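Student: Next come a sequence and a model predicted from it.
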Amino acid sequence: MSLPFLLEIGTEEIPDWMIPGALESLRSQLEGLGIAARMDATPRRLVARAQGLPARLPDTEERVTGPRKTAPEKAVEGFARKQGVSPADLSLEGEYYTYLRKTPGRKMIDVLAESLPGIILKITFPKTMYWTGKTGPRFIRPIRWLVALLGPDIIPFELAGVPSSNVTVGQRRTLQPASQAGLPVTIETYEQTLRDNSVILSAGERRRRIEDGIAELGLRLKPDPALLETLVYLTEHPTPILGEFDPQFLELPEEVLITVMRHHQKYFSVEDESGHLAPRFVAVMNTSADPEGLVRRGNERVLRARFNDARFFWQADQRKTLGDRVEDLSHVTFQAKLGSYLDKTNRVVALVLELGGDEHAQRAARLAKCDLTTELVKEFTELQGVVGGLYARAQGEPGEVWQAIYDHYKPESMEDSIPCSTAGRLVSLADKLDTLRECFRIGMAPTGSRDPFALRRAAQGVVKILVEGHMSVPLLSLIGNDPHLAEFFEERVKFYFRDVRGFAYDEVNAATSASWTDLPELEARLVRLQSIRRSPDFEPLAASFKRIKNILRQADFKGGPFDRVFLEPGPETALFDEINRSAGQPIEDRIGALRPIVDLFFDKVLVNAPDPAVRANRLAMLHDLLEQFRTFADFSEIVTNS
C-alpha cells in the first residue's frame, strides 16, 4: 500500500532570498529518508509533497560477523549476548561465528514522527533565531503551525510547543478572517484550500501571474529578473498595479530614481518609447484587486516622499565639490586597524600610478570614495560609486574621470560587466587589490563562510577585469609577494576559468601549474590546450608525461647534466634528436611527432639502467622534455583513460 505525504512548515515571513536554499536543504534531507519530494514555498510556508510512500518499511536482515571459531568461549558468549541471543543461535561461516539479525519493518508514520522534528531544525539558513528562549530550538523565523500528513493520518510530533496537525492558515491579508483561525485540509484538498484563501502555492504560477499582469498593463518595463524573483517570494497572491509620479522628479538622474524604486520600494521602472525613464512604476501587491485605488495611492504617496528625500539630498550635496570632500574622508573609517578612507585613497592613487594610470585615472582614484561623505549615499548606500560619478559629471570633471568613478565598484558579481574604460579598470583594480593586500596583511583572510570584507568577490573582480580587459600586469608583485594571498588568488583564478568560463578542471590545473600570473596569456594557453586536446595523440602523450613525472619523482631527480656520449643508438637517440629538432616549435606541431617516439622509447629502453651514469643521463633527458612542455602546461595533470 502506497501513501501520499505532505509537510507544511508555517512561519512568520521568511526573507525572500533565503527561501530557495531552504527548500533545497529540506529536499536533500527528505531524500535521506528515501522520499523524493516536490517542493513549494511562499513567504510564510515551506512545503514538501510526495507520492508512493509505503505504509510500512520492509523487514531487513543483516549478517553480523563475530569472533573466530577458535576464540575463547566467553568471547562467543559475549557476542551472542550483544545480539540478544544464546550461543546456540549463532552460525559458523568459515572461520567466524555469525548471526542473522532480523529487524521487523517499522510503520512509515512512526519513522516520520521520529525524524521530521530533526529534519525541520536542520534546514540550512544563513542565520537563525531563538523564539522560545535560549534553551529552545533555532529557526529562521518563529514556527506558527505544522501540517504533517501521511495519507489520511496526521503524523504526530511537536516542535517548540507547536503540535503537528491537519490545519493550515490562509494569507495574512485575506478577506476571509476564518482562514486565520485555521483551515482543515487533506492532502487532496490542500492546494485548492490555500487557493480559495488567497494563497498561490506554486512559485512558478506566482511568477507567471506577475508577468501576465504586467503584460496586460501594456507597458515597456526595464528588465529586472532579480526583482521579479524577489517579488515571487515576497507575495502569496501577487497582482501588478500601475502607479505614477510627478514628472518633475525626472530632473534627478535615472540611477537615483531607479534605485529608490527598485531597492527601497520593490517597484519596476517603466520606460517611454525612446528608452528613457517614464514617470510611472509597477508595484506588485499581495492581494487580488484594488478596486478603490487605495493600494495604488498609498504606493504613490510613499514613493513621492522617498523622491523628495532624494532630491533634497542631491541639492544639498552639490554645495560642496568632490574635490573639497577628499579631506573629509579622514573622518570615515575604512577598518579599525587600516585607518581611514583617506589612507585608503592615498594607497589606491599610488597603486594606480604603479599600474601606469594617466592623470585622469589618478584623479578618479583621488575622488572615487568621496561620495561616502554625501547625504545621498548615506541614505541610499546602494549608490556608492554611482553617485560619485554623477556628482563628478555635474561638477564638470572630464568624462574619463567621472566614468571611472561611476564604474569603479564593478564588477560586483560574475554576471556583472567590467568597467568600460581603461581608467575605470585601473581604479577598480587598485581599489580591490588594496583591500586584499591590507586585509591579508593584518590577518583578515576569509575563513570558511566568513568573509566580512567580501575578499573573495574582490579577488574574483580582479581576475575578471584582467582577463576580460586583456590586461597583462605583474600580479604577484602587485599583491606584495604574500604567499597566502598568492594561494588565495590562484584558487580564484582556477574558479574563474573552471566554473565561469567552463574549461575542464584538469585543463585548468595543467595550465596554471605552468604559470597563472599573466591572466590574458593564461587564457590564450587554455584556449590552445582545449583545441590541442582533440588531437588523437594528445592523451597518449599526456599519459606518457604522467609516467615521466612519476619516474622523476621516485628517483628524486630535480635536474642534472646531460651528455650525448651516454646515448644508445635506436629509440633513445631518436627521442633525443626529436626533442632537439622540435624545441621552440609550437606545442601543437610537436605532439604528433613526439608521441610515437616517446611510446617506442618506453617500450624499448629501460630508464632505470644498471649503470648510474646512463640512468642519470636518461633522467636528465626526460626532465628536459618535461620542462620544455611545462612552460605551456603540465600535461601530467591531464586525466586520461590509460
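Tutor: Cool, the structure landed.
Student: Specify the local secondary structure of the residue nearest to Val386 when sequence neighbours are not counted.
Tutor: With C-beta to C-beta, 6 or more residues apart in numbering as the measure, Glu255 is the residue that lies nearest to Val386, at 5.2 Å, once sequence neighbours are left out. C-betas here are computed from N, CA, C, even on glycine. Classification of Glu255 using DSSP: H, G, I helix; E, B strand; the rest coil returns helix.
Student: now the one 5 residues further on
Tutor: Put simply, Val260 is helix when judged by three-state DSSP.
Student: how is the chain carved up into domains?
Tutor: Listed by automatic domain parsing, the domain ranges of the chain are 2-56+108-196, 60-103, 203-317, 322-527, 533-637.
Student: re earlier: so how far is Pro238 from the residue nearest to Val386?
Tutor: Separation of Glu255 from Pro238 (C-beta to C-beta, to the nearest Å): 27 Å.
Student: what's the answer for Leu46, then?
Tutor: For Leu46 relative to Pro238 (C-beta to C-beta), the value is 18 Å.
Student: Could you do Lys74 as well?
Tutor: From Lys74 across to Pro238, the span is 72 Å (C-beta to C-beta).
Student: which element follows the least confident helix or strand in the chain by mean pLDDT toward the C-terminus?
Tutor: In the chain, no helix or strand scores lower on mean pLDDT, DSSP states H and E than helix 178-181, which sits at a mean of 57. Following helix 178-181 in sequence order, the next helix or strand is strand 183-184 (DSSP states H and E).
Student: For that next one, which strands pair with it and how are they oriented?
Tutor: Based on DSSP bridges, the pairing partners of strand 183-184 within the sheet are strand 167-168 (antiparallel).
Student: State the mean pLDDT of the strand it pairs with.
Tutor: Across strand 167-168, the average pLDDT comes to 96.
Student: picking up where we left off before, who has more neighbours out of Lys74 and Pro238?
Tutor: Pro238 (21 against 9; other C-beta atoms under 10 Å).
Student: Contact partners for that one?
Tutor: Pro238 makes contact with 200, 206, 209-210, 213, 231-232, 284-286, according to C-beta atoms under 8 Å, 6 or more residues apart in numbering.
Student: Which single one of these is nearest to Arg553?
Tutor: Val232 (54.7 Å; C-beta to C-beta).
Student: List the residues that contact Gly243.
Tutor: By C-beta under 8 Å, 6+ apart, the contact set of Gly243 is 267, 280-283, 296, 299-300, 303.
Student: Mark which of those are part of strands, please.
Tutor: In strands, defined here by DSSP state E, the members of the contacts of Gly243 are 280-283.
Student: any chance of the residues you listed in a markdown table, plus neighbour count and distance to Ala504?
Tutor: Below are those laid out as a markdown table (neighbours: other C-beta atoms under 10 Å; distance: C-beta to C-beta, whole Å):
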| residue | neighbour count | distance to Ala504 |
| --- | --- | --- |
| Arg280 | 19 | 49 |
| Phe281 | 26 | 46 |
| Val282 | 20 | 44 |
| Ala283 | 23 | 46 |
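Student: so where is this protein shaky, pLDDT-wise?
Tutor: Within the chain, the stretches with pLDDT under 70 are 173-181, 642.
Student: Let me see the ranges of the helices in the stretch 101-250 of the chain.
Tutor: In the stretch 101-250 of the chain, the segments counted as helices under DSSP state H, counting those that start in this stretch are 108-121, 178-181, 190-196, 203-217, 225-232.
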